[in-house]
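Asks: Have a look at this prediction, sequence included:
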Amino acid sequence: MWQVRFVRNAVTSLLPFQGALRRVKRSVFGKSHHIDEGSVYAGGLDQIHLLQENGLELEGADILEIGTGWYPVIPLMLRLAGARHVYLSDTHRLLDAETLAVAQNFLLLRAGDLAERLNLSEDEVRSVLDAGHSGPLETRLADLGMSYHINLDYARVDWKADAIISHTVMEHIPPADIRRLLMEGRAVLNPGGLMSHGIDHSDHRAHGDRSLSRVDFLRYSDRAWRWLCLNPQDYTNRLRHADYVAMVRDAGFDVLFERALVDEGALKDISDLRLNARFAFHNPEDLAGLWSHIVARPGRPRHNTVLAQVARPRQTGRPERWLSPPKSHGSSSGARHIN
């Protein structure tokens, strides 16, 4: 049950030296590894497709990933697709030599499928993924055409990126930090560069407790939700797709592509939930959107507008075709798309 996880994580959040404790725990007990193929592998293929469809030439491109986490699967897939260098970034150090090797082996097991999808030979796939198996982490990453950056200061970097991407990360960032990230990201992007973000809008407690509605968290006030997110690892901002689109445009980006996946089960739950006032004026389909993707390019900066969460009805249109959908985010028959 989600309550057990909440209590455990809340207690853990009160302990000092979280990073050191995490390392000690792993050295004593080891770490069990699990990569969600339906989310990460399919999500990586989707990122590659959408970047290319929206005008990015991946061959020779430099790409920044926000929130790499334990397993750099998508950065490795971008290298296979032709990227020259991928900059990995996290607010806390998570990646190490062991989890890097797990990500490499995960993709090596799918070398045939990757070769077919990326128009490569299996030998070409293996030659990329077989690098970086010796030396310290920084050396291994360099051999793979990647580098790892903790608490990246956008104002101090001496490089530019052709694209900034994230996968199931934006929902964990407070709105004020998202606005800052969007504005600072403009300075990092090369002219004509893209940003591409895949966002999980579901209540993450439901990932481990199937009895809970995936939109249950929309009934809590902001104050109550802060108490339920005492551990930063549990935090999600509860922003909906329309909110992100509004912030992206306010930051001066032109939205080239947007896609929202509406879950029919969540849509039914919305009608039964007693929504918090913060969400009362949202279009029900926007509230029931459990996965979305936004691709945008820097345009002219704009004056700030009211966030969608105050009162911004969404217009529905002809559904987009879903390509390589992240299965864990609702690619069932009870889901559909809105623009």
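Replies: Everything's here; your move.

Asks: alpha carbons only for contacts and neighbour counts from here, please
Replies: Fine.

Asks: Keeping just the C-alphas, turn the strand or helix carrying residue 123 into PDB.
Replies: Assigned by DSSP states H and E, residue 123 falls within helix 122-129. Taking C-alpha atoms only, helix 122-129 is exported to PDB below (Å, rounded to 0.1, in the frame of the first residue of the first chain):
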ATOM      1  CA  GLU A 122      24.300  -5.400 -35.400                       C
ATOM      2  CA  ASP A 123      28.100  -5.000 -35.500                       C
ATOM      3  CA  GLU A 124      27.700  -1.200 -35.500                       C
ATOM      4  CA  VAL A 125      25.300  -1.400 -32.500                       C
ATOM      5  CA  ARG A 126      27.700  -3.600 -30.600                       C
ATOM      6  CA  SER A 127      30.800  -1.500 -31.400                       C
ATOM      7  CA  VAL A 128      29.200   1.500 -29.800                       C
ATOM      8  CA  LEU A 129      27.800  -0.300 -26.700                       C
END
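
Asks: Contacts for the following helix or strand past it next, please.
Replies: The C-terminal neighbour of helix 122-129 among helices and strands, as given by DSSP H and E, is helix 137-143. Here helix 137-143 makes contact (CA atoms under 8 Å, 6 or more residues apart in numbering) with 96-97, 131-134, 147-148.

Asks: Name the member of these with the most neighbours.
Replies: residue 132 (21 neighbours; other CA atoms under 10 Å).

Asks: Skip the chain neighbours and tell me the closest residue to it.
Replies: Leaving aside its chain neighbours, residue 132 sits nearest to residue 140 (3.9 Å; criterion: CA to CA, 6 or more residues apart in numbering).

Asks: so where is this structure shaky, pLDDT-wise?
Replies: 1-31, 301-339 (pLDDT under 70).

Asks: In it, where's the longest helix?
Replies: Identified as the longest helix of the chain according to DSSP state H is helix 175-188.

Asks: elements contacting that helix?
Replies: On a contact count with 3 or more CA pairs under 8 Å, 6 or more residues apart in numbering; DSSP states H and E, helix 175-188 meets helix 241-250.

Asks: okay, the angle between the helix it packs on and helix 175-188?
Replies: Interaxial angle, helix 241-250 versus helix 175-188 (axes from the mean of the first three to the mean of the last three CA atoms, to 10 degrees): 40 degrees.

Asks: buried sites along helix 241-250?
Replies: Neighbour counts over helix 241-250 (16 or more other CA atoms under 10 Å) mark 241-250 as buried.

Asks: which of the residues you listed lies closest to residue 68?
Replies: Ranked by distance to residue 68 (CA to CA), the buried residues of helix 241-250 are led by residue 244 at 20.3 Å.

Asks: Show the contacting residues for that closest one.
Replies: Residue 244 touches nothing, counting by CA under 8 Å, 6+ apart.
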